[in-house]
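>>> here's my sequence, what's the structure:
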Amino acid sequence: MNDIIYLRKGNDLIEMTEEPYEYERLLQEKLAEYPRLLAGGQLSDSGVDRWALIAREQAVPDKRGGGERWSADHLFVDQDAVPTIVEVKRSDNTEIRRKIVGQMLDYVAHASMFWDAETLRERFVETCDERDISAEETLVALLGEEDTDGFFDDVEKNLRSKQIRLVFVADEVPSELKRVVEFLNETMRDVEVLAIEVVQFASDEETVFVPRLYGQTEEAKASSSTSRTGADFIATEAEMFEDLDRKVRTAEITEAEYRAFVDLYEFSNEIGDHVDISGVKNARVKVEVRAHQGDHSGRPSVFTANVTGKVKVWPARTPLDDENPEESPVSWDPAAFDTFLERFQSLDGVPSGEPRAPFSVLTRGDNLEAFKEMVEEFVEHCRDSAAQ
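Coordinates of the predicted model:
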């Protein structure tokens, strides 16, 4: 292939020619640094548009507790906790036509049995440390919400139920591999199989990457369970209450937890500028107040509460500049949040020094009323500060 694309820069049109990757590892590094190259948004119709790298060269054991039998080039996870195993090959690598398919099937057959939540969580933290980024902030960005508790448990559940994605990545995908991918994707209900070309175009000063997706035929979309648009996810208030009712019937939550959540939800609607309940699998409330968010990027919450998870209080997402308060992106006094946090930590059952606690803590004594009171006072401070 000798394709050419044109990049407009000011009044100039720059001709960019296709340029092969000199080494396989260069393409691997680009994927690790820019996960959006995985289909470049072409999976968005399936609800998949965010990715996080768990590890490069992720070990795959052949028995429980075993060491490395194989090593996957990349292990990503999407915002729905679907693990995505990626194998990268240049088109001139003869393995791309035969060996790579059997290799990936080995990976998924054993990973679905032997990878576990704790191992993957540890590898994710190690990877973030190596890249000098925050693991917690990366998860928040991935999920689009602050409550990340239980995410890796969901990853393990998807592994055990075989809801996994396999992705072959190359600079050029051979026609034989495209057909194999389409066949596997149309016949495997739970495992989604895709091939992606990431073509590199370059000029003297610029480089452009163009992803092309193969394998997502209409038959495959109909049969694959990893491409759901969210039947298992709460989208409306009615669905939230259905989830609460079901959890009470099946004893997943107690009557006291049900009542506490409904009380907190009603309070949230009274005090919040925006209350988000959608996009999650459990009844969850996320309370946003504009005066608390200030000029921060993102949409940090005052608190979040998941009926089967945690209740957590949140500062603005990025650190405040105590030495230069005039540059602070919020108008409220950071000491007010410190007081809010200290009061939260004084509630019966909240672990020492933690900004989070099991939701059931709010069913103890007068904890719920005390929590609502401290939230109300902190929000009032934020609004008063913003109005000055």
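
>>> residue ranges with poor pLDDT in the protein?
1-2, 39-49, 65-67, 94-98, 145-146, 216-232, 279-280, 296-299, 316-329 (pLDDT under 70).

>>> and the helices in it?
Here the chain has its helices, by DSSP state H, at 24-33, 99-114, 117-130, 135-143, 151-160, 175-187, 218-223, 237-249, 255-271, 290-293, 334-345, 367-387.

>>> residues contacting the most centrally placed residue in the chain?
The centroid of the chain falls nearest to residue 142 when counting by Cα atoms, centre = their mean (2.9 Å). Counting by Cβ atoms under 8 Å, 6 or more residues apart in numbering, residue 142 makes contact with 50-52, 77-79. Heads up, the C-betas are built off the backbone N, CA and C, glycines and all.

>>> which among the residues you listed count as buried?
51-52, 77-79 (16 or more other Cβ atoms under 10 Å).

>>> in strands, which of those residues appear?
Among the buried ones among the contacts of residue 142, the members found in strands (DSSP state E) are 51-52, 77-78.

>>> among the residues you listed, which two are most distant?
Using Cβ to Cβ, the pair of those lying farthest apart is 52 and 78, separated by 8.1 Å.

>>> re earlier: tell me how far the residue nearest to the centre of the chain lies from residue 5.
30 Å (Cβ to Cβ, to the nearest Å).

>>> likewise for residue 86?
Counting by Cβ to Cβ, the gap from residue 86 to residue 5 is 25 Å.

>>> okay, the two: which has more neighbours?
residue 86 (26 against 14; other Cβ atoms under 10 Å).

>>> with adjacent residues omitted, what lies nearest to that one?
Closest residue to residue 86 in three dimensions, ignoring its sequence neighbours and counting by Cβ to Cβ, 6 or more residues apart in numbering: residue 74, at 4.0 Å.

>>> residues contacting residue 269?
Listed by Cβ under 8 Å, 6+ apart, the contact partners of residue 269 are residue 275.

>>> keeping just the C-alphas, turn stretch 20-34 into CSV.
Output of stretch 20-34 as CSV, limited to C-alpha atoms (Å, rounded to 0.1, in the frame of the first residue of the first chain):
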residue,chain,number,x,y,z
PRO,A,20,5.9,1.5,7.9
TYR,A,21,6.9,1.0,11.5
GLU,A,22,10.6,0.3,11.7
TYR,A,23,10.2,-2.1,14.7
GLU,A,24,7.2,-3.9,16.2
ARG,A,25,7.9,-2.4,19.6
LEU,A,26,7.2,1.1,18.2
LEU,A,27,3.6,0.2,17.5
GLN,A,28,3.4,-1.5,20.8
GLU,A,29,4.6,1.6,22.6
LYS,A,30,2.1,3.8,20.7
LEU,A,31,-0.8,1.6,21.8
ALA,A,32,0.3,1.7,25.4
GLU,A,33,0.6,5.5,25.4
TYR,A,34,-2.6,6.1,23.3
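
>>> quick check: buried residues in it?
The neighbour-count criterion (16+ other Cβ under 10 Å) identifies 21, 24, 27-28, 30-32 as the buried residues of stretch 20-34.

>>> ok, stretch 51-71 next?
In terms of neighbour count (16+ other Cβ under 10 Å), stretch 51-71 has its buried residues at 51-56, 58-61.

>>> would you turn these into a markdown table with distance to residue 115?
Formatted as a markdown table, the buried residues of stretch 51-71 follow (distance: Cβ to Cβ, whole Å):
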| residue | distance to residue 115 |
| --- | --- |
| 51 | 17 |
| 52 | 16 |
| 53 | 15 |
| 54 | 10 |
| 55 | 11 |
| 56 | 15 |
| 58 | 8 |
| 59 | 9 |
| 60 | 8 |
| 61 | 8 |
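
>>> can you flag which of those belong to strands?
Within those, residues falling in strands by DSSP E are 51-56, 58-60.
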